[in-house]
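S.K.: Provided below are the primary sequence and the corresponding predicted coordinates.
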Amino acid sequence: MEAITFVLFGATGDLAKRKIYPALYNLFIDQKLPESFSVFGLGRRELSDPDFQANVEKSLRMFSRRKVIDQENLQKFMGAFRYRVLDVGHKEDYKTLLQEIEQQEQEIQTKSNRMFYLSVGPQFFGTIAANIQESGLGRASGWKRLVIEKPFGHDLASARELNESLSIAFTEEEIFRIDHYLGKPMVQKLEVLQNNNPVFKALWDNRYIANIQITSNETVGVEERAGYYDQAGAVRDMFQNHMLQLLMMLTTHSPNNTTNDDVRKKKKIVMNSLEQLHKEDVKSHVVRGQYGAGAIDGNPVVGYTSEPNIPEDSSNDTFIAAKLKIDDYFWRGVPFYIRTGKRMKEKSTRIVIEFKEPLKKSGGTNEENKKPNLLVFEISPDERISLHLNTRDPLNKEKIKPMYIDFHESQANLPEAYENLIGDALHGDSTFFAHWEEVELSWQWVQPILEAYNENLVPLHIYAAGTNGPSASDELLEQDGYHWWFDQEEEHRTEIIEEDLSLATKSPVLQ
Ligand SMILES: NC(=O)C1=CN([C@@H]2O[C@H](COP(=O)(O)OP(=O)(O)OC[C@H]3O[C@@H](n4cnc5c(N)ncnc54)[C@H](OP(=O)(O)O)[C@@H]3O)[C@@H](O)[C@H]2O)C=CC1
Ligand SMILES: O=C1O[C@H](COP(=O)(O)O)[C@@H](O)[C@H](O)[C@H]1O
C-alpha cells in the first residue's frame, strides 16, 4: 500500500478518542496500514507531540477492542502521530501545515496521498474544504480524499448547500460520507447473504414476504448532547441516515459480483421507488414520540424535558416509527415498518422479515402454536441470524411446535464499524459509504416529515422511559394485521432458545 498522510481535524475531540484512534490501532495491528503512514492531528488547543501521543495511548487503553500489550508495536504506532495547532478559519495555519506535510513527504520520497478526516462540527465543513483548496493542501501528487461525519445537513436545502461547498475542493469519488451503520459487520453481510444463498434470494420479494420491520432501540437518553440532539431529534439523528441506509442495504436486488457502483445504483433505485409522503399524509404514516420519566433496568430516569440543557417545553422527538412502501416490481405491497427511539426497554438493532402464510392447514394438526416464519438479522448488541420455523411437537404429535435455527458470531473478534470504514476509505473503496444521491434522496423523503413536525400536524406522544414507545406505534402495525415482533415475546423467545439448545444436535444449525 502506498504512503498516506492522515490529516485529522478535531484530533482532541470525543469521536477521535473513542472511535478513530482505536480503529487506526487495530488496522495497524492487522497490518492494514501502509508501512509509511503518518497522522497530523489538528485542533485549537496547544499540545506537544508527546502529550498528544499520550492522549492517543490513553484512548487505546480505554476504547480499543484489543488490549494494548505489545510495547514495541505501540511505540511504532505512536511514532506516526504528531499534533499541530490549526483553527479552521485561519488560512495561515493551513499554509504552515502544508509546508510540514510536504517536507515529510519529501523525506520519504513518495507521492503525496492525503486523507482529510473532518471530525469536527458540520458548520466547519465548507470552510475547511475551501481552505484545503486555497492553501494548496488539496494539490496532492497522488490521491486526496475527504472523510466526513454526520450530520450531513439539517434538511434537504442545507444538505444541498453543504454538498455544493464540498464540491469546490473534492469530487464525489473523493468524498467518503461515514454512516457507521454501514460499517457494522452484519450490515455488510446483508448483500452477500442475499446473493450467495439461493434460499434467501428466491424468497426476497413480495411473493413470499408479508412485512419487514427495522428497529434500532436504545436505552440511553440524550446524554451530554442536548445542544445537538434537541435540534436534530430522532428523525435527523437516526432515521434519515442509519435507518434508511438499513432499508437500502436490505432491499437492493443486485446481480452477483457487484461492484461498489452497482450497489450505489441499486440503492438509488430503492430510494427513487419509495412512495413519497405528502405533508398531509405524515400523520397516518408516522408516529412521533418523546420519552417521559420511567425506569431503565429498574433505575428511575427523568423525562426528556427534565434532562440537563433541554428546554422544559421542548417538543423534540426522541422516537419515530414510520410505515414505508417501495413501489417496484419486487416490493410492491410489502409494508416496511421502521422505528428508532431513545430510552426504550432494551438496546437492540434488528431486522425482522415476516413471511407470508400461503400453506393450507395440514390435516389433523392443532395449529394453535403455529407462527409465521421469521428471518431475523440481529445487528447489535449481538450479531445473530435466526430463522423461526414450525415443526411437530415430539411430545404431542397433534401439536405444532416452534423451532429456532440460530447462527451467532462472537463480537469479540469482529472489527468495529469504524475499523471497517476507515480501512475501506484508505483503500479507496466507497461501497459502504453514503453517496450524495442517496443522501439527497433520503432528505427528500424525510422533508415532509420535518415540515409536518414543524407545523405540528403530527401529535407528539409521550411514552414512559423503559417501554417499547408510544402505543400509537403498535397501532401502526395493528391496522395492517401485524405487530412488532419480540416486544411482548421476549420470554417466549428465550424459552425457545433454551429448549432448542437441548435439541442442538438434532436441529440443523446455520454455521
Ligand atoms: N462523538 C460521537 O460519538 C459522534 C460524533 N459525530 C460527529 O463527529 C464530529 C465531531 O464530534 P465530537 O468529536 O463528538 O466533537 P467534540 O466537540 O468532542 O470535538 C470537536 C473537535 O473540533 C475541534 N474544533 C472545534 N472548533 C474548532 C476550530 N474552530 N478550529 C479547529 N478545531 C476546532 C475541537 O478541538 P479544539 O477544542 O482543540 O479546537 C475538537 O477536537 C461532529 O460532526 C459530530 O456530529 C458523529 C457520530 C458520533
Ligand atoms: O449516530 C448515532 O448513533 C448512535 C447509536 O449507534 P449504535 O451503534 O449504538 O446503534 C446514537 O446513540 C446516536 O444518538 C446517533 O448520533
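M.R.: Arrived safely. Ligands and ions are numbered 1, 2, ... in the order given.
S.K.: host element of the closest residue to R350 other than its chain neighbours?
M.R.: Nearest residue to R350 in three dimensions, chain neighbours excluded: E378, at 4.7 Å (CB to CB, 6 or more residues apart in numbering). (Each C-beta comes from the backbone N, C-alpha and C, glycine too.) Assigning secondary structure by DSSP states H and E places E378 in strand 374-380.
S.K.: the residue nearest to R350 against R384, yeah?
M.R.: Yes: E378 is within contact range of R384, at 4.0 Å (criterion: CB atoms under 8 Å).
S.K.: who's more crowded, the two?
M.R.: Between E378 and R384, counted using other CB atoms under 10 Å, the more crowded position is E378 (19 against 15).
S.K.: so for the more buried one, what's the pLDDT?
M.R.: Looking at E378, its pLDDT is 96.
S.K.: any idea how far it is from G289?
M.R.: Distance, E378 to G289, using CB to CB, to the nearest Å: 23 Å.
S.K.: likewise for L97?
M.R.: From L97 to G289 the distance is 46 Å (CB to CB).
S.K.: of the two, which one has the most company?
M.R.: The residue with more neighbours, out of L97 and G289, is G289; 27 against 20, by other CB under 10 Å.
S.K.: where does that one sit: helix, strand or coil?
M.R.: Of the three states, G289 takes strand under DSSP: H, G, I helix; E, B strand; the rest coil.
S.K.: ok, it touching G469?
M.R.: Yes: using CB under 8 Å, G289 makes contact with G469 at a distance of 5.4 Å.
S.K.: got any residues that touch both of these two?
M.R.: With contacts taken as CB atoms under 8 Å, 6 or more residues apart in numbering, G289 and G469 have F319, A321, G341, Y463 as neighbours in common.
S.K.: which ones are touching V439?
M.R.: F152, G153, A159, N163, R177, N241.
S.K.: what bridges to the nearest residue to W485 once chain neighbours are set aside?
M.R.: Nearest residue to W485, sequence neighbours excluded (CB to CB, 6+ apart): V352, at 4.7 Å. V352 forms beta bridges with Q213, V376, as assigned by DSSP bridges.
S.K.: next, count neighbours for V352.
M.R.: By other CB under 10 Å, the residues close to V352 number 20.
S.K.: tell me the contacts of it?
M.R.: Residues in contact with V352 (CB under 8 Å, 6+ apart) are I212, Q213, T215, L374, L375, V376, W485, F486.
S.K.: closest to ligand 1 among the residues you listed?
M.R.: Of all those, T215 has the smallest distance to ligand 1: 20.0 Å, by CB to the nearest ligand atom.
S.K.: in a helix, that's where that closest one is, yeah?
M.R.: No: the assignment for T215 is strand, going by three-state DSSP, so no helix is present there.
S.K.: share the number of residues neighbouring it, please.
M.R.: T215 has 26 neighbours, counted by other CB under 10 Å.
S.K.: tell me which parts of the stretch 301-450 of the chain are close to ligand 2?
M.R.: T349, S380 (CB under 6 Å from any ligand atom).
S.K.: can you pull out the helices in the stretch 301-450 of the chain?
M.R.: In the stretch 301-450 of the chain, the helices defined using DSSP state H, counting those that start in this stretch lie at 417-427, 436-454.
S.K.: and R145, what are its bridge partners?
M.R.: Beta-bridge partners for R145, by DSSP bridges, are M115.
S.K.: per-residue pLDDT of it, please?
M.R.: Looking at R145, its pLDDT is 97.
S.K.: does it touch H427 like I think?
M.R.: No: using CB under 8 Å, R145 is not in contact with H427, being 10.3 Å away.
S.K.: for the stretch 201-350 of the chain, what spans make up the strands?
M.R.: Along the stretch 201-350 of the chain, the stretches classed as strands by DSSP state E, counting those that start in this stretch are 209-217, 286-292, 294-296, 299-301, 319-325, 335-341, 348-355.
S.K.: run the angle between the last one and strand 335-341 for me.
M.R.: Using axes from the mean of the first three to the mean of the last three CA atoms, to 10 degrees, the inter-axis angle of strand 348-355 relative to strand 335-341 is 170 degrees.
S.K.: make 26 the starting number, not 1.
M.R.: Shifting the count to begin at 26 puts that one at strand 373-380.
S.K.: secondary structure class of F65, three-state.
M.R.: Here F65 is recorded as strand under three-state DSSP.
S.K.: which non-adjacent residue is nearest it?
M.R.: Setting aside the residues directly before and after it, F65 is nearest to V32 in space (CB to CB, 6+ apart), at 5.0 Å.
S.K.: relative to ligand 1, how far out is E392?
M.R.: 47 Å (CB to the nearest ligand atom, to the nearest Å).
S.K.: pick out the residue in this protein sitting closest to ligand 2.
M.R.: D262 (4.8 Å).
S.K.: test my guess that that residue contacts Q256.
M.R.: No: the pair D262 / Q256 is not scored as a contact, 9.6 Å apart, by CB under 8 Å.
S.K.: who has more neighbours, these two?
M.R.: Neighbour totals were compared for D262 and Q256, and D262 leads with 23 against 12 (other CB under 10 Å).
S.K.: how about the more buried one, what does it touch?
M.R.: Neighbour list for D262: P176, Y254 [criterion: CB under 8 Å, 6+ apart].
S.K.: quick one: it and P176, what's the gap?
M.R.: Distance of D262 to P176, computed by CB to CB: 7 Å.
S.K.: count the residues that sit near the closest residue to ligand 1 within the stretch 376-525 of the chain.
M.R.: Nearest to ligand 1, among the residues of the stretch 376-525 of the chain, is Y443, at 9.7 Å (CB to the nearest ligand atom). Neighbours of Y443 under the rule other CB under 10 Å: 21.
S.K.: just the element for the closest residue to it other than its chain neighbours, please.
M.R.: What sits nearest to Y443 in space, not counting adjacent residues and going by CB to CB, 6+ apart, is A48, at 4.0 Å. A48 is part of helix 46-54 when elements are defined by DSSP H and E.
S.K.: could you give the angle of that helix to helix 442-452?
M.R.: 60 degrees.
S.K.: low pLDDT regions in this protein?
M.R.: For the chain, applying pLDDT under 70 flags the ranges 280-283, 384-390, 514-536.
S.K.: ligand 1 contacts on that one?
M.R.: Counting by CB under 6 Å from any ligand atom, the chain sits next to ligand 1 at 35-40, 68-70, 111-113, 144-147, 174-176.
S.K.: got the contact list for whatever helix or strand E216 lives in?
M.R.: Counting by DSSP H and E, the element that carries E216 is helix 210-221. Contacts with helix 210-221, where a contact means CB under 8 Å, 6+ apart, come from 206-207, 225-226, 229, 270-271, 274-275, 277-281, 283, 288, 402-405, 408, 410, 434, 439-440, 442, 445, 457.
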